[in-house]
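Visitor: Dropping a prediction and its sequence here:
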Amino acid sequence: MSLLKCKSVESGYGKIPILHGVELRVEESEMVAVLGPNGAGKSTLMKTIAGILPLMKGQILFKEEDISPLKHHALASRGLGYVPQEKNVFADLTVAENLELGAFTIKNPKEAIETIYHRFPKLKERCKQKAGTLSGGERQLLAVGSALLLNPRLLILDEPTSGLSPQATETMINLISKIRDDGTAVIWVVEESPKEVLAHVDRVYLLESGLVRKEGSGEGFLEDEEEFERLFLGHNVS
Ligand SMILES: Nc1ncnc2c1ncn2[C@@H]1O[C@H](COP(=O)(O)OP(=O)(O)OP(=O)(O)O)[C@@H](O)[C@H]1O
């Protein structure tokens, strides 16, 4: 049984549909990449799975439960973590305050925060610094660390390496791979450095015009260079 299953998912904004029947699954401890051209509906799909956008049609199952009617907070406490592309930290709060807020609903918040500091020592070093003054890589680290506080079974990351330097990108890829290796399934919306990311993922979905156009292994996608160039023209295809 899959950890997550999207069945004929339709959603969008207001009455305008953007997704037109998406089929997607994620297995336990699997890292799945979602890629596609600008405007394909990748972020819309992530927001829908995370309970931020309501489903228009179809069904989403998480741990075999129909989560279609549930909102974001209910899903977070059920083990579905989500790190949005933007505004994923509180810029005016310190690193420590961000984590305290993230751990607000947990039984042992101090212990949970220490676990995150242990995992990401950089955050401990910067604990008194305002999140808005962190580097791009450190900010993403804080956003991912905050999501990990609730010990998710599935972590949705919308372009976690967006705008990062090659070195920060490599660090983030290694950290996320480690999160997967430790047992958390990951959905990764890929925009930058797709070749590096795809080398680490288990499966890939290509989304186009609100539909899954192709599904396969990372290696399979990397072999089709023509398709790759078409998709990522103008992006940093390292
Ligand atoms: N809040 C919104 N209200 C109305 N339309 C929106 C909204 N957000 C996104 N859209 C539209 O939905 C479509 C899909 O957008 P979405 O952000 O899901 O694409 P994406 O694949 O994540 O793109 P990108 O790679 O550029 O981030 C686009 O046509 C976009 O203009």
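Guide: Arrived safely. Residues are numbered from 1 along each chain as shown.

Visitor: which parts of the protein sit against the ligand?
Guide: For the chain, the residues found near the ligand under the criterion CB under 6 Å from any ligand atom are 13, 18, 36, 38-44, 191. Glycine gets a C-beta too; all of them are placed from N, C-alpha and C.

Visitor: 8 Å instead?
Guide: Residues of the chain lying near the ligand by CB under 8 Å from any ligand atom: 12-14, 16, 18, 36-47, 85, 158-159, 189, 191, 207, 210.

Visitor: Go ahead and flag the most central residue of the chain.
Guide: Note on the chain: the residue nearest the mean C-alpha position is L157, at 1.3 Å, using CA atoms, centre = their mean.

Visitor: What strand or helix carries that one?
Guide: Taking DSSP states H and E as the definition, one finds L157 inside strand 154-158.

Visitor: Contacts for whichever helix or strand comes after that strand, please.
Guide: Per DSSP H and E, strand 154-158 leads on to helix 166-181 as the next helix or strand towards the C-terminus. Contact with helix 166-181 is made by 29-31, 120, 135-137, 140-141, 144, 148, 155, 157, 160-161, 164, 186, 188, 192-193, 196-197, 200, 238, as judged by CB atoms under 8 Å, 6 or more residues apart in numbering.

Visitor: Tell me the buried residues in helix 166-181?
Guide: 168-169, 171-173, 175-177, 179-180 (16 or more other CB atoms under 10 Å).

Visitor: Report the distance from stretch 66-76 to the chain centre.
Guide: Averaging C-alpha positions (CA atoms, centre = their mean, to the nearest Å) puts stretch 66-76 16 Å from its chain's average.

Visitor: I'd like the numbering to begin with 819 instead of 1 from here.
Guide: Sure, I'll start counting at 819 from here, so that last one is stretch 884-894.

Visitor: Grab the CA positions of it and hand them over as CSV.
Guide: As requested, C-alpha coordinates have been extracted for stretch 884-894 and formatted as CSV (Å, rounded to 0.1, in the frame of the first residue of the first chain):
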residue,chain,number,x,y,z
ASP,A,884,-8.9,9.8,2.7
ILE,A,885,-7.4,13.2,3.6
SER,A,886,-9.2,15.1,0.8
PRO,A,887,-11.4,17.1,3.3
LEU,A,888,-8.5,17.8,5.8
LYS,A,889,-6.8,21.2,6.2
HIS,A,890,-3.1,21.8,6.5
HIS,A,891,-2.8,21.8,10.3
ALA,A,892,-4.6,18.5,10.6
LEU,A,893,-2.3,17.0,8.0
ALA,A,894,0.9,18.3,9.6
